[in-house]
Every structure is written in structure tokens, then in C-alpha cells.
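[1] What shape does this take:
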Amino acid sequence: MRQEYKSTSKKRILLLSTMGVVPFYFEFFLYLINSELYYNNKLMIKGSSGFYGSLIISFLSGMHFERLISKKSTQHYVIPMFPVIFLWISFIFYSNFIFYSLVIIGLLWCLFMEIFFIKTIDYWYFKMRFFVTILAIIPLFSIIFIKQNQ
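    Alright, predicted model coming up:
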């Protein structure tokens, strides 16, 4: 019974994590479907991928902070907070290139945290996080180039 629960739990985590990547693509797909609507910003979707990425990074950083507290790793408490602080400061001052670049760096930083500081993750979870991070970064790079060409 316990093994069945683990299998079901893994499937749910994989499904929810993969579905969590979908909002990163809204802004990019809107541009591909109707660039005029995108540039007019009538749907207020411009910037939504970066904002969503900031929320995800904040969530992941909070998870890392909690894990470090559980491990009683006091010398590393501040490390998960770096991307959150930089992201929200850049969001306030809002330079598109810097903001989206920091979202990409923040997502990579969260993956780095799980690999080198948390170290208690299972291999299947690492593979899933790596795959999901790459899927989330692809549209962000595209949006950076779209915004540079405006």
C-alpha cells in the first residue's frame, strides 16, 4: 500500500509541476498569435510571465528556507533569500531586460540550491525539476528577445 501511495504521489507532483510551467507560455503565445494585441497590451498580459516567475521563485525559495531550518543549517539561512530580494527590487524599478534576466537566473538559482545545498532530493525529483526549469526558461528567453525588438 505504501509503494502505491508513493507512485500516485510522484505522478501528482509530476503533473502539477508540469502544469505549473504553462503560465510561462501565455505571454509568448499571445505574441505569436497576435503581436498587435500583445503590443497594445489590451489584455494586460505583458510582463505576466516575469511576475509569475517571481512568484514561483519566491515559493521555491521559501521551501528551501524551510528545508534549511529543518536541517538546522544556520550558516545557509540567507542564501535562499537572495533571488527573492533581487527579483522584487528589480520588479519595482522594472527594466524589462534585467527583470526577465533575473527571473531566469532565479529559476536556475533555485535548481542550484536543490542540488548543492538541500541534497536530500530524490533523483526522480531532480530530473523533474531540471526538466521543468528548462521548460520555464525557454519562453522567458523568447520574451527577452521580443521586448528587445520592440
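
[2] What segments of the protein are helices?
    For the chain, applying DSSP state H gives helices covering 2-19, 22-33, 35-40, 48-70, 81-93, 96-113, 123-148.

[3] Just name the most buried of the ones you listed.
    With neighbours defined as mean count of other CB atoms under 10 Å, the helices of the chain peak in mean count at helix 96-113, which reaches a mean of 19. The way it works is simple: take the backbone N, C-alpha and C, and place the C-beta from them, glycine included.

[4] Which strands or helices does it pack on?
    Helix 96-113 sits against helix 48-70, helix 81-93, helix 123-148, with contacts defined as 3 or more CB pairs under 8 Å, 6 or more residues apart in numbering; DSSP states H and E.

[5] Can you find the helix or strand in the chain with the smallest mean pLDDT?
    helix 35-40 (a mean of 74; mean pLDDT, DSSP states H and E).

[6] Give the other helices and strands that it contacts.
    So helix 35-40, by 3+ CB pairs under 8 Å, 6+ apart, packs with helix 22-33.

[7] The helix it packs on to helix 123-148, inter-axis angle?
    Helix 22-33 runs at 30 degrees relative to helix 123-148, counting by axes from the mean of the first three to the mean of the last three CA atoms, to 10 degrees.

[8] Below-threshold pLDDT in the protein: ranges please.
    1-7, 41-44, 73, 94, 120, 147-150 (pLDDT under 70).

[9] if you set the cut-off to 80 instead, what comes out?
    The chain contains residues with pLDDT under 80 at 1-8, 34-47, 71-78, 88, 90-96, 116-121, 146-150.

[10] Look up how far Phe86 lies from Lys119.
    Computed as CB to CB, to the nearest Å, the Lys119 to Phe86 distance reads 24 Å.

[11] same deal with Lys46?
    Distance, Lys46 to Phe86, by CB to CB: 21 Å.

[12] Same check on Leu68?
    In this view, Leu68 and Phe86 are 19 Å apart by CB to CB.

[13] got it, and Lys127?
    Distance of Lys127 to Phe86, computed by CB to CB: 27 Å.

[14] same deal with Val22?
    25 Å.

[15] I'd assumed Phe28 was in contact with His142.
    Careful, residue 142 is Ser and not His. Yes. Taking CB atoms under 8 Å as the definition, Ser142 is a contact partner of Phe28 at 5.1 Å.
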